[in-house]
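A.B. asks: Return atomic coordinates for the entry below.
(chains A and B)
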2 protein chains.
Amino acid sequence: MSAKVYVIGAGMTTFGAFPETEVHALAQQAVWEAINSAGVDPRRLEVCYAGHAYQGPCFGQKTLCRLGLTGMPVVNVENACASGGSAILGVSSMIKSGQADLGIALGGEKLTSPSGGFLPLVSDDLDSSMGRVMPAAFAMMARRHMEMFGTTIEQIAMVSIKNYNNGLLNPRCHMKRKITVEEVLNSPIIADPLTRLCCCPISDGAAAVILASEKVARQYTSKPVELVASVLNSGKRVRYNIINESSEMSIRAAKAAYEIAGLGPRDIDVCELHDPFSIAEIVHCEDLGFCGLGEGGPFVAEGRSALDGEVAVSPSGGLMAKGHPLGATGVAQVAEIFWQLRGEAGSRQVPGAKVGLAHTIGGGVSRIESGACSVQILKI
Amino acid sequence: MSAKVYVIGAGMTTFGAFPETEVHALAQQAVWEAINSAGVDPRRLEVCYAGHAYQGPCFGQKTLCRLGLTGMPVVNVENACASGGSAILGVSSMIKSGQADLGIALGGEKLTSPSGGFLPLVSDDLDSSMGRVMPAAFAMMARRHMEMFGTTIEQIAMVSIKNYNNGLLNPRCHMKRKITVEEVLNSPIIADPLTRLCCCPISDGAAAVILASEKVARQYTSKPVELVASVLNSGKRVRYNIINESSEMSIRAAKAAYEIAGLGPRDIDVCELHDPFSIAEIVHCEDLGFCGLGEGGPFVAEGRSALDGEVAVSPSGGLMAKGHPLGATGVAQVAEIFWQLRGEAGSRQVPGAKVGLAHTIGGGVSRIESGACSVQILKI
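C.D. replies: Below is the predicted model:
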């Protein structure tokens, strides 16, 4: 069928609160690290897709231009938290269609600022204006899961604990501390039952990966990581039902990606999934097929998603601990999978990882938006 | 090489000031018209790229979801005024790579509002904050052209007159009046030498086109219009020089597009180019090779770009008269070329048009941004 696409380099800033740093400075750092890690001549880059949600016009052009990288097509893409995944799809499509052999997918976001701002509410989103903001939506998801499946608050807390533990091993992680179940449960309530330690921090950061056609990948590395599936979809409006919209999108995207890759959930060694709130990891482990419906609580509590478990989920610390600069997240996930599959993940290395999956959801919680879900599968 | 891509349907709102209308309502109208004109079952659409600059998160998903079109991958793209052209490239790449057979490129923008707002200044754009806003930048371009090549203010005014005349024949045009050289010269100065009638209006609107693989195109129409080239690039920072950045990008994009298409400027029967200010059409007629460097003034004044000229430039009225809702523009241009090549352009029909070119520039005037230029060539 169409041409194969490989990841041959990755870069990422440490995620954290950098209110005084321009987003383009963060993005430049990620781009430069990705280029250096791939060992490519930056003048050979033929295309850039740049994912972000709130960074203003021509984000990608500004970033590359300041590095002296001008001339190539640059497309800025926005799909809320799935922006980074969408950027990877964009570059991948340019390579698959034979329009480019070497490209860069970039994602960046600055959510802190000198004035301490955060995301603006969307003016026409009645749900959000009435209080159904993200933490509230995920709290309702948690309550529903607890009621339907007997999931406990302690199991939900275990997601935070696992991901904070993983994050302690990741020098680029935002939140760096050991936490206990008691601390999670006793931290301030954000939206009952979710406490502050069940919610990802507000982070700034950027990430970039270098994608290449088979021919060019082989010129630069003997360890290319193949992007065997890159799937994006949008929501079907099944919210307020047992299965929420983010699950519906995730289940569908994962199924499509598994089919393209000729693989199944049992083949996945390492996974970075969309865990902005702890309950999300429980739900998405079910959606991606790592465990059955309703089994996500015991799945994490029994250590089956730990670094040495059946599938290592969020070895980087995930959105929960590593941080969640919206547009950067999907690219950073693919960077982490790339490092894991190449055996370059240091003390958080998942032993023998050969196949990895990255998963992001953008929007898909607010009723009027419909959302976006991206799933990438990579293998070495 | 890679698969061929065809345009098989187009839709577009009338451009104008609709402060009380939601942008999604405008976009829905364009999407529905495009679908109907192609005669496709909307459930067969496999991908959407949605171009906009300032319409907030998940613009494309919101638009499609409200039409009941959920599930497909939707990517929102931003490249300032080249956003629409970038959306077309995105869908085209999905088809060329074999990932989709049928897709929709959408562009929309609402620039008026109940509170009468316009574009926010970009906070880190020192040039703009110091007064080098768009009209000023184009005024400097005009002064330079006048000094270098003896271009006259009357020749510059002729662009407005030609495009307003064309627009009178286009029911979807924003500005609908006959104007004279005297009126253009005597309208209020915006940035000397450009008067109000040398500047495009502030418009709302949306446009959409349906793109298909060869196989699917033939199922729906006996008159598919082939998208023979879709080129995007970014700027090289050559501003403050004789050739400005937007020209550098345009010359390079046009050259690449002509090469891909195996065609040259003399083959182009009809062209929609980026004319937010009258001087821009003069400069871009040179950039696209319709006349020599410095000859753009006489070119328009002698009627060589009129509806019955060597190449009909802006038969729709162009940005100048039809209006310029940023993200919609690039898609609306391709819609106009589609109608022209199919002989469906009514009283503004360019007789016997077989090959058309669409050209947009996004950014590329402000020093720190670098910009984006898209060129599409279509033929029937």
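A.B. asks: Please name the residues that touch the closest residue to chain B within the stretch 151-300 of chain A.
C.D. replies: At 3.8 Å from chain B, residue A:232 is the closest residue in the stretch 151-300 of chain A, using CB to the nearest CB. C-betas here are computed from N, CA, C, even on glycine. Residues counted as contacts of residue A:232 (CB atoms under 8 Å, 6 or more residues apart in numbering or on different chains) are A:79, A:82, A:85-86, A:89, A:253, A:372-374, B:73-75.
A.B. asks: how about the helices in the stretch 251-380 of chain A?
C.D. replies: For the stretch 251-380 of chain A, the helices defined by DSSP state H, counting those that start in this stretch cover A:278-287, A:296-301, A:318-322, A:326-341.
A.B. asks: Low-confidence regions, chain A specifically.
C.D. replies: A:1-2, A:114-125, A:237-245, A:364-369 (pLDDT under 70).
A.B. asks: Spatially central, which residue of chain A would that be?
C.D. replies: A centroid search over chain A (CA atoms, centre = their mean) returns residue A:330, at 3.5 Å, as the residue closest to the centre.
A.B. asks: Let me know whether that residue touches residue A:89 as I believe.
C.D. replies: No. Using CB atoms under 8 Å, residue A:330 and residue A:89 do not qualify as a contacting pair, with a distance of 9.5 Å.
A.B. asks: any common contacting residues for those two?
C.D. replies: residue A:374.
A.B. asks: hmm, back to that, would you turn the helices of the stretch 251-380 of chain A into a markdown table with distance to chain B?
C.D. replies: As requested, the helices of the stretch 251-380 of chain A are exported to a markdown table (distance: least, CB to the nearest CB, whole Å):
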| stretch | distance to chain B |
| --- | --- |
| helix A:278-287 | 16 |
| helix A:296-301 | 24 |
| helix A:318-322 | 17 |
| helix A:326-341 | 9 |
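A.B. asks: Neighbours of the residue nearest to residue A:236 when sequence neighbours are not counted, how many?
C.D. replies: Spatially, and ignoring its direct neighbours in sequence, residue A:236 is nearest to residue B:70 (4.7 Å; CB to CB, 6 or more residues apart in numbering or on different chains). Using other CB atoms under 10 Å in any protein chain shown, residue B:70 is surrounded by 21 other residues.
A.B. asks: Next, the buried residues of stretch A:298-311.
C.D. replies: Buried residues in stretch A:298-311, defined by neighbour count with 16 or more other CB atoms under 10 Å in any protein chain shown: A:298-301, A:304-307, A:309-311.
A.B. asks: about what we covered before: report the separation between the residue nearest to residue A:236 and residue B:48.
C.D. replies: Remark: distance between residue B:70 and residue B:48 (CB to CB, to the nearest Å) = 11 Å.
A.B. asks: shared neighbours, these two?
C.D. replies: Jointly contacting residue B:70 and residue B:48 under the rule CB under 8 Å, 6+ apart are residue B:64.
A.B. asks: Next up, the contacts around residue A:343.
C.D. replies: Residues near residue A:343 by CB under 8 Å, 6+ apart: A:349, A:353.
A.B. asks: typo on my end, it should be residue A:76
C.D. replies: Counted by CB under 8 Å, 6+ apart, residue A:76 has contacts A:49-52, A:57-61, B:77-79.
A.B. asks: repeat that for 6 Å
C.D. replies: If you count contacts by CB atoms under 6 Å, 6 or more residues apart in numbering or on different chains, residue A:76 has them with A:50, A:59-60, B:78.
A.B. asks: helix/strand/coil for it?
C.D. replies: Put simply, residue A:76 is strand when judged by DSSP: H, G, I helix; E, B strand; the rest coil.
A.B. asks: about what we covered before: could you find the closest non-adjacent residue to the residue nearest to the centre of chain A?
C.D. replies: Using CB to CB, 6+ apart and skipping residues adjacent in sequence, the residue nearest residue A:330 is residue A:84, 2.6 Å away.
A.B. asks: centre of the chain versus the helix or strand harbouring that neighbour, how much separation?
C.D. replies: Using DSSP states H and E, residue A:84 sits within helix A:83-96. Here the centre of helix A:83-96 is set off from its chain's centre by 14 Å, with CA atoms, centre = their mean, to the nearest Å.
A.B. asks: quick one: contacts of it?
C.D. replies: So helix A:83-96 is in contact with A:2-3, A:5, A:47, A:49, A:51-53, A:75, A:77, A:79, A:100, A:103, A:105, A:107, A:211, A:213, A:230, A:232, A:327, A:329-331, A:334, A:360, A:374, B:75, B:93-94, B:97, going by CB under 6 Å, 6+ apart.
A.B. asks: Go through it and flag the buried ones.
C.D. replies: In terms of neighbour count (16+ other CB under 10 Å), helix A:83-96 has its buried residues at A:83-96.
A.B. asks: List, one by one, the residues from the stretch 51-200 of chain A near chain B.
C.D. replies: When proximity is defined as CB under 6 Å from any CB of the partner chain, the stretch 51-200 of chain A approaches chain B at A:56-58, A:61-62, A:65, A:70-71, A:73-78, A:80, A:86, A:93-94, A:96-98, A:122.
A.B. asks: coming back round to it: tell me the one of the contacts of residue A:76 nearest residue B:220?
C.D. replies: Residue B:220 has its nearest neighbour among those in residue B:78, at 30.2 Å by CB to CB.
A.B. asks: which residues sit in contact with the closest one?
C.D. replies: With contacts defined as CB under 6 Å, 6+ apart, residue B:78 is in contact with A:76, B:53.
A.B. asks: cutoff 7 Å now
C.D. replies: Taking CB atoms under 7 Å, 6 or more residues apart in numbering or on different chains, we find residue B:78 in contact with A:57, A:76, A:78, B:52-53.
A.B. asks: so where do the strands sit in chain A?
C.D. replies: Ranges of strands in chain A, per DSSP state E, are A:5-12, A:47-51, A:74-78, A:102-109, A:189-191, A:194-195, A:205-213, A:225-234, A:270-272, A:312-313, A:355-363, A:371-379.
A.B. asks: Redo these as a markdown table? Include distance to residue A:126.
C.D. replies: Output for these, formatted as a markdown table (distance: least, CB to CB, whole Å):
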| stretch | distance to residue A:126 |
| --- | --- |
| strand A:5-12 | 36 |
| strand A:47-51 | 27 |
| strand A:74-78 | 21 |
| strand A:102-109 | 25 |
| strand A:189-191 | 18 |
| strand A:194-195 | 22 |
| strand A:205-213 | 31 |
| strand A:225-234 | 20 |
| strand A:270-272 | 33 |
| strand A:312-313 | 34 |
| strand A:355-363 | 15 |
| strand A:371-379 | 16 |
